[in-house]
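Novice: Got a predicted model here, sequence first, then my questions.
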There are 2 protein chains.
Amino acid sequence: MKFATIEHTSGPAAAVAVSEDEVAVLPAEFTDVEAILRASEAQRLAAIREATEVGERLPVAELSWLPPVLRPGKVLCVALNNSANPERILSGPDTPAMFLKPSSSLVGHGRPIRLRENDGRVHPEPELAVIVGRAGADIAEDAAMSHVFGYTILNDVTSPTLRGEDTFHYRAIHPDPETADGVRFVESWVSYPARYKGADTFGPLGPWVITAEDIPDPHDLRITCSHNGRLVTDDTTANLRFGVAEVISFASRYLTLEPGDVIGMGTALRSSPGAGSAVQNLDLNRFGGLVEVSIDRIGTLANPVQLR
Amino acid sequence: MKFATIEHTSGPAAAVAVSEDEVAVLPAEFTDVEAILRASEAQRLAAIREATEVGERLPVAELSWLPPVLRPGKVLCVALNNSANPERILSGPDTPAMFLKPSSSLVGHGRPIRLRENDGRVHPEPELAVIVGRAGADIAEDAAMSHVFGYTILNDVTSPTLRGEDTFHYRAIHPDPETADGVRFVESWVSYPARYKGADTFGPLGPWVITAEDIPDPHDLRITCSHNGRLVTDDTTANLRFGVAEVISFASRYLTLEPGDVIGMGTALRSSPGAGSAVQNLDLNRFGGLVEVSIDRIGTLANPVQLR
């Protein structure tokens, strides 16, 4: 089943795909996909039946798309989770490293990625995203998939320029019982991602949420990224270092997962043969244009760059 | 005016202080302080009048406290924003560097900070927190204070052990038109804060939200942190490197601020004379105990450590 959140005459509305070309609008209390996944199964089925039987029909081609979840409790993203990375990582954790994007960074399919000159270099990062359906903490790996409501696409837009600006080289305070004041200073580097990962429009999400039963294997999906129609990334979710169940289980040991939470599974990095380029080389602030991220069975998330 | 969010018989409820010892519960539609600040001024005044005239009264000493805002759109925190830091920073930005904590990390006054052995070292960070009242992007510095609804206390609990684990030393991909594939690799360090700043219970917040008109100068407030009654930090918000208006204005150029957003202004770091210790030396996972953060005019946020 395929759901979307759209801008409708009366405000945001959830819709369900009834064919390749048409959606049916859900009853008014379902203002986004989060409302669908928070409903009981009986309520959800009743709402879908009502939508498909008597709900307003709209052509897919004319939809005004919003992020499927409008205000998730968190957008939790896994860093450097790709087979292309071992050669690049000199040292790093053996477990998923994670950061957050704010809900205010999310935009729907078709909406512009708005950049300013002092955002510096900005590149897209094509990712499979999990939509959490059921709350949980300390979730066992073999129970993890039952917490997945569905999947969508995240373009984890990133500015390495702002990352560089928000990196400190500093002397961290470490406890040391052998010193007079009980501390010693250790040279460290630390980087803070709220700007470089979390700026407005740095989180295109959508267009569809495909429910879990329609994605039998989330680790067997082709994922591509194109710029102005030129294929740049051509990868598969088989190359994720940590899979969906591992990430859910590990993350939930630290951060309680809530219905509607989005988990970005990490950037698909393998360049298309002959692309002569990595996705990090696509400086959107220099080239502008249209970015498209496609994942098998889910669809294509397309966002134009707007220089402001 | 002082507001709180409490666990009430029928669920979360907002309350207003009517004396030092007593609160009045607001009408049922006000389930937290965010509902108060999202209401129109007329609605808010009517709700407060109803509460003080006919609302249920509860003794402050018996309240079960929740985070004043239950599910803010974002908790945006400023890093290393303190006068004690210039000597520690070898290189870093001239503007506020920021990270996010998820709403799932927030806990109310009196609730435990729950730690596990593999959280490693964990220390408290006493901070003034701004509660945003009015949405805005690209807010001018001289208009910034009009976006503040009020102030509360954040204990920005942090694990430097998990920070170390989630730091990569890696070769970043930088564009370079002079190479065959258009990129070169640059040795970099990058750290990801979702675990070390965002784990469950790493965000004690409260107890009160004091409205802006009752805090004439947010940069003239004593801020202290005690552990088991021993004063460790004794600082003032006068030592913030970037002030409230500067942070709101800068942050809003990148991340649209929304009503209910929380802004952590950065750790008060100056040790109490004779404390013989820095707040980073308070390894809560080793010492357990009670952490109290106090700010003039706001109150005391106290949270016991629970080793699990």
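Specialist: Nice, thanks for sending it over. Small disclaimer: the values here were computed from a predicted structure and weren't measured.

Novice: what separates the nearest residue to A:Arg222 once chain neighbours are set aside from A:Val148, distance-wise?
Specialist: Nearest residue to A:Arg222, sequence neighbours excluded (Cβ to Cβ, 6 or more residues apart in numbering or on different chains): A:Asp296, at 4.8 Å. Where C-beta positions appear, they are placed from N, C-alpha and C, glycine not excepted. Taking Cβ to Cβ, to the nearest Å as the measure, A:Asp296 falls 17 Å from A:Val148.

Novice: quick check: domain ranges of chain A?
Specialist: Using automatic domain parsing, the domains assigned to chain A come out as A:1-66, A:67-160+A:192-307.

Novice: in the stretch 1-150 of chain A, what spans have low per-residue confidence?
Specialist: A:84-85 (pLDDT under 70).

Novice: Would you tell me which residues of the stretch 151-300 of chain A are close to chain B?
Specialist: A:160, A:163, A:165-175, A:181-183, A:185, A:187-195, A:198-200, A:251, A:254-256, A:258, A:276-278, A:280-281, A:283 (Cβ under 8 Å from any Cβ of the partner chain).

Novice: Using neighbour counts, trim those residues to the buried set.
Specialist: Among these, those classed as buried by 16 or more other Cβ atoms under 10 Å in any protein chain shown are A:160, A:163, A:165-168, A:170-175, A:182-183, A:188-195, A:198-200, A:251, A:254-256, A:258, A:277-278, A:280-281, A:283.

Novice: Among these, name the ones in strands.
Specialist: If you go by DSSP state E, these have A:167-168, A:170-175, A:183, A:188-191 in strands.

Novice: OK, contacts around the closest residue to A:Phe202 other than its chain neighbours?
Specialist: The spatial neighbour of A:Phe202 that comes closest, neighbours along the chain excluded (Cβ to Cβ, 6+ apart), is A:Val157 at 4.0 Å. When contacts are counted by Cβ atoms under 8 Å, 6 or more residues apart in numbering or on different chains, A:Val157 touches A:Ile113, A:Val122, A:His123, A:Pro124, A:Glu125, A:Ala199, A:Thr201, A:Phe202, A:Gly203, A:Pro204, A:Leu284.

Novice: which ones are touching the fourth one?
Specialist: With Cβ under 8 Å, 6+ apart as the criterion, the residues that contact A:Pro124 are A:Ile113, A:Asn155, A:Asp156, A:Val157, A:Thr158, A:Cys225, A:His227, A:Val279, A:Leu282, A:Leu284, A:Val291, A:Val293.

Novice: and if you look at the fifth one?
Specialist: Contacts were defined as Cβ under 8 Å, 6+ apart; by that measure A:Glu125 touches A:Asn155, A:Asp156, A:Val157, A:Thr158, A:Thr267, A:Val279.

Novice: Ramachandran angles for it?
Specialist: Recorded main-chain torsions at A:Glu125 are phi -140, psi 110, according to degrees, to the nearest 10.

Novice: For A:Thr233, see how far away it is.
Specialist: Distance of A:Glu125 to A:Thr233, given as Cβ to Cβ: 9 Å.

Novice: joint contacts of the two?
Specialist: With Cβ under 8 Å, 6+ apart as the test, A:Glu125 and A:Thr233 both reach A:Val279.

Novice: so where is the stretch 201-308 of chain A shaky, pLDDT-wise?
Specialist: Checking the stretch 201-308 of chain A against pLDDT under 70 turns up A:276-277.

Novice: how close does the residue nearest to A:Phe202 sit to chain B?
Specialist: Counting by Cβ to the nearest Cβ, to the nearest Å, the separation of A:Val157 from chain B is 12 Å.

Novice: Quick check, pLDDT for that residue.
Specialist: Looking at A:Val157, its pLDDT reads 98.

Novice: and A:Pro86, how many neighbours does it have?
Specialist: Using other Cβ atoms under 10 Å in any protein chain shown, the number of residues around A:Pro86 comes to 10.

Novice: wait, A:Ala97 sits on B:Tyr196?
Specialist: No: the criterion here is Cβ atoms under 8 Å, and A:Ala97 misses it with B:Tyr196 at 9.9 Å.

Novice: list residues touching both of those two?
Specialist: Counting by Cβ under 8 Å, 6+ apart, the residues touching both A:Ala97 and B:Tyr196 are B:Glu165, B:Asp166.

Novice: Can you tell me which of the domains of chain A is packed in deepest?
Specialist: domain A:67-160+A:192-307 (a mean of 21; mean count of other Cβ atoms under 10 Å in any protein chain shown).

Novice: I'd like to know how far the most centrally placed residue in chain A sits from A:Val209.
Specialist: Closest residue to the average C-alpha location of chain A: A:Leu154 at 3.2 Å, with Cα atoms, centre = their mean. Separation of A:Leu154 from A:Val209 (Cβ to Cβ) stands at 12 Å.

Novice: Could you do A:Val130 as well?
Specialist: 10 Å.

Novice: shared neighbours, the two?
Specialist: Counting by Cβ under 8 Å, 6+ apart, the contacts common to A:Val130 and A:Val209 are A:Gly150, A:Tyr151.

Novice: just the helices in the stretch 151-300 of chain A please.
Specialist: Along the stretch 151-300 of chain A, counting by DSSP state H, counting those that start in this stretch, helices occupy A:160-165, A:194-198, A:244-254, A:284-287.

Novice: Now tabulate the ones you listed in JSON lines and tack on distance to B:Thr237.
Specialist: Putting those into JSON lines (distance: least, Cβ to Cβ, whole Å) gives the following:
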{"stretch": "helix A:160-165", "distance to B:Thr237": "25"}
{"stretch": "helix A:194-198", "distance to B:Thr237": "21"}
{"stretch": "helix A:244-254", "distance to B:Thr237": "30"}
{"stretch": "helix A:284-287", "distance to B:Thr237": "36"}
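
Novice: How about the backbone phi and psi for A:Glu20?
Specialist: Torsion angles, degrees, to the nearest 10, at A:Glu20: phi -60, psi -30.

Novice: Which residue comes closest to it once chain neighbours are left out?
Specialist: That would be A:Val60: by Cβ to Cβ, 6+ apart, it lies 7.3 Å from A:Glu20.

Novice: surely the one you found meets A:Asp21?
Specialist: Yes: the criterion here is Cβ under 8 Å, and A:Val60 meets it with A:Asp21 at 5.4 Å.
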